[in-house]
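J.: Give me a model of this one.
(one chain, ligands or ions: 2)
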Amino acid sequence: MQPIEDELKKLNQEVMSCIKCDLSLTRTHAVPGEGPFSPQVMFIGEAPGEKEDQLGRPFTGRAGAILDDLLARAGLDRDRVFITSVVKCRPPKNRDPRPREIAACKPYLDRQLELLHPRLIATLGRFAMARWFPGSKISEVHGQVLEAGRIKVVPLFHPGAALHQPGYREAMIKDMEVLAEILGSV
Ligand code: URA
Ligand code: SF4
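T.: Residues are numbered from 1 along each chain as shown. Ligands and ions are numbered 1, 2, ... in the order given. Take a look at the predicted model:
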């Protein structure tokens, strides 16, 4: 087994039995994330929803269907990207993750980034964007290629936003196309 595979497995097991914040009390399954060891790009969402909590897999509910559609339209293959989130356990009733939950969960995302070292990151929604650009407004920077050290970060709207505001859909489609274009150049 490859060392990186070993390390990721270990990390996933730690996440699945983690009790570092109160979200562990209400979750069914923690959702560490999934994807190849050498991903084209790493997508980072907010937190698992109901379906993800049931299945233990990221973006498998209604927001996931939108993400799948956006990827397919842009010619991107879900099997070649890694998908995870800022917190790995579902907040009750899908409320926003709290600062202390994000802080408690941060070491897991840090280790995933270290192990997978993607050159390109796509943040989905404001919580993931805030990890690198806490002062930015997603409405102003979505679809732009920002630099965070040697990593390129493209902030995207959260796919779930299209469920409440269908008007976002067009921007999301465009942004994903931009992402697909720059993938060829990183
Ligand atoms: N939203 C996320 O951020 N992640 C999921 O897995 C599902 C919805
Ligand atoms: Fe642990 Fe993160 Fe789940 Fe909190 S959200 S219990 S820190 S894995």
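J.: going forward, measure contacts between C-alpha atoms and count neighbours the same way
T.: OK.
J.: Would you mind listing what in the protein touches ligand 1?
T.: When proximity is defined by CA under 6 Å from any ligand atom, the chain lies next to ligand 1 at 45, 46, 47, 48, 49, 52, 58, 59, 63, 85.
J.: Need the pLDDT of the third one.
T.: This means residue 47. You'll see residue 47 listed with a pLDDT of 98.
J.: what's the helix or strand for the residue nearest to residue 175 when sequence neighbours are not counted?
T.: Spatial nearest neighbour of residue 175, excluding adjacent residues (CA to CA, 6 or more residues apart in numbering): residue 143 at 4.6 Å. Taking DSSP states H and E as the definition, residue 143 sits outside all helices and strands.
J.: out of the residues of the chain next to ligand 1, which is most surrounded?
T.: Compared across the residues of the chain next to ligand 1, residue 48 has the highest neighbour count, 31 neighbours, by other CA atoms under 10 Å.
J.: Are the lengthiest helix in the chain and ligand 2 in contact anywhere?
T.: Secondary structure of the chain per DSSP state H: the longest helix is helix 99-116. Yes - for helix 99-116, a contact with ligand 2 is found by CA under 6 Å from any ligand atom, at 101, 104, 105.
J.: thinking again about what came up before, and the residue nearest to residue 175, how far is that from residue 184?
T.: Here residue 143 is placed at a distance of 16 Å from residue 184 (CA to CA, to the nearest Å).
J.: cool, residue 28 as well?
T.: Residue 28 is 38 Å from residue 184, where distance means CA to CA.
J.: So which of these two has more stuff around it?
T.: Counting neighbours by other CA under 10 Å for residue 28 and for residue 184 shows that residue 28 has the greater number, 17 against 8.
J.: secondary structure class for the residue nearest to the more buried one when sequence neighbours are not counted?
T.: Nearest residue to residue 28 in three dimensions, chain neighbours excluded: residue 53, at 5.6 Å (CA to CA, 6+ apart). Here residue 53 is recorded as helix under DSSP: H, G, I helix; E, B strand; the rest coil.
J.: now do residue 122
T.: Residue 122 ends up strand, using three-state DSSP.
J.: Any idea how many residues pack against it?
T.: Count around residue 122 with other CA under 10 Å applied: 24.
J.: The one 10 residues further on too?
T.: Counted with other CA under 10 Å, the neighbours of residue 132 add up to 16.
J.: nearest spatial neighbour of it, skipping sequence neighbours?
T.: Leaving aside its sequence neighbours, residue 132 sits nearest to residue 148 (CA to CA, 6+ apart; 6.9 Å).
J.: Can you check the pLDDT for that neighbour?
T.: At residue 148, pLDDT is 93.
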